[in-house]
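S.K.: one predicted model, sequence on top.
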Amino acid sequence: MIKKTVIGFLVLMALSVTVPIGAQESGRVSEDLTTVSDVLERYIEAIGGREALEAISTRVCTGKEITDLTSRQQPIYESHYYIAYAKIPMSYYTEEWTDAGIYSRGHDGQVGWIKDKCGVVPDTSAGKRRLDWLLNPQNALRIEDYFPDLTLNGTKQIRGYTVYVLESPEFHRPLFFDTTSGLLIGFGHNWELHDYRKAGDILFPHRIVMSRKGGSTTIEFDQVEHSVEVSDSLFTMPADTK
């Protein structure tokens with residue numbers, strides 16, 4: 001009789017233990033398990049740590065951009081040279097070598113612009129795109145500036161990963177952080193971050209997949225460098241405007 005009582009007590013104790021958040025597939029997460037700050041701090045540590053991030057000021061990424069729309073009635077497959085420069089606090093410049101000529105975008109921290117074979121025009125969306133934030137050398141330290149009022153809305157399964165889901169009412173694009181590695185593996189429902197590799201002391205995704213109707217656009221970086229010298233003039237809007 002005593003043996004049965006002990007076994008029953010142990011079963012009840014086991015049932016009362018809270019299931020870890022990483023084992024949950026969906027649903028809201030209670031605040032006593034984890035918070036937005038917990039997830040973001042874990043991401044910072046996963047890619048190299050706060051001290052390493054604060055030590056870098058520029059990021060230069062070189063590779064190619066692949067547009068794969070082969071499911072369309074008129075299939076498109078293009079691969080072009082791509083380079084991106086970024087400097088804190090929020091300046092960047094990207095350049096693509098397309099069949100129509102060089103297409104570039106820039107932002108000096110205040111003014112954004114786009115330049116193609118027709119000339120230069122202001123870019124009112126500069127600094128607001130997901131790629132603009134991702135390219136920033138200290139992006140992990142600036143998540144809540146770019147994605148305000150984040151809330152943690154439980155976990156879910158995507159691409160075989162269990163992820164924490166962080167959402168911002170302003171952007172309507174969830175951020176997905178792998179519960180195992182702590183790394184950010186997706187934005188919204190059509191951006192995927194792959195192939196995290198070391199660039200100096202920092203991990204950075206070397207393949208970014210952006211799904212779209214009929215296919216995808218993928219940016220693949222062959223090289224990522226940090227804290228190299230980049231002139232501020234690179235981000236300045238060129239004089240020849242439309």
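M.R.: Right, received. Where do you want to start? For clarity, every value in this text was computed on a predicted model and none was experimentally measured.
S.K.: tell me where this structure has helices.
M.R.: Assigned helices in the chain, in chain order: 2-16, 36-47, 50-54, 130-135, 143-146 (criterion: DSSP state H).
S.K.: among the ones you listed, which gets the worst mean confidence?
M.R.: Ranked by mean pLDDT, the helices of the chain bottom out at helix 2-16, with a mean of 39.
S.K.: I figured V165 hits L152, correct?
M.R.: Yes. Taking Cβ atoms under 8 Å as the definition, V165 is a contact partner of L152 at 7.2 Å. All C-beta spots, glycine's among them, are computed from the backbone N, C-alpha and C.
S.K.: for these two, indicate the residue with more neighbours.
M.R.: Between V165 and L152, counting by other Cβ atoms under 10 Å, L152 is the more crowded of the two (23 against 20).
S.K.: now that one, nearest residue through space, not along the chain?
M.R.: Excluding the flanking residues, the one nearest L152 by Cβ to Cβ, 6 or more residues apart in numbering is V36, at 5.1 Å.
S.K.: isn't Y77 up against D99?
M.R.: No. Assessed by Cβ under 8 Å, Y77 is found out of contact with D99, at 11.9 Å.
S.K.: before we move on, back to that, in contact with the residue nearest to L152, which residues?
M.R.: By Cβ atoms under 8 Å, 6 or more residues apart in numbering, the contact set of V36 is 144, 150-152, 166.
S.K.: out of these, which two are the most distant from each other?
M.R.: Spanning the widest gap among these are E144 and L152, at 12.5 Å by Cβ to Cβ.
S.K.: ok, Y77 and D99, which is more surrounded?
M.R.: Between Y77 and D99, counting by other Cβ under 10 Å, Y77 is the more crowded of the two (10 against 6).
S.K.: okay, that one and V60: tell me how far apart.
M.R.: Applying Cβ to Cβ, to the nearest Å, the value for Y77 to V60 is 27 Å.
S.K.: which residue is the nearest non-sequential neighbour of the spatially most central residue of the chain?
M.R.: Closest to where the C-alpha atoms of the chain average out (Cα atoms, centre = their mean) is L134, at 5.0 Å. Nearest residue to L134 in three dimensions, chain neighbours excluded: I208, at 7.3 Å (Cβ to Cβ, 6+ apart).
S.K.: isn't the one you found right up against S216?
M.R.: No. Here I208 does not reach S216: they are 10.2 Å apart, not a contact under Cβ under 8 Å.
S.K.: those two: who's more crowded?
M.R.: Legend: neighbour count by other Cβ under 10 Å for I208 and S216, higher for I208 (23 against 17).
S.K.: pLDDT value on the more buried one, please?
M.R.: Looking at I208, the pLDDT reads 96.
S.K.: list the buried residues for stretch 125-140?
M.R.: Within stretch 125-140, the residues scored as buried using 16 or more other Cβ atoms under 10 Å are 126-127, 130-140.
S.K.: so F177 sits against T162, correct?
M.R.: No. Using Cβ under 8 Å as the test, F177 is too far from T162 to be in contact (10.1 Å).
S.K.: any regions of this protein where pLDDT drops low?
M.R.: Within the chain, the stretches with pLDDT under 70 are 1-33, 69, 71-75, 241-242.
S.K.: now the strands for it?
M.R.: 58-69, 76-87, 91-98, 101-107, 112-116, 119-122, 151-158, 161-167, 175-178, 184-187, 191-199, 202-212, 215-226 (DSSP state E).
S.K.: deepest of those, which one?
M.R.: Highest mean neighbour count of the strands of the chain: strand 175-178, a mean of 24 (counted as mean count of other Cβ atoms under 10 Å).
S.K.: helices or strands next to it in the packing?
M.R.: helix 36-47, strand 161-167, strand 184-187 (3 or more Cβ pairs under 8 Å, 6 or more residues apart in numbering; DSSP states H and E).
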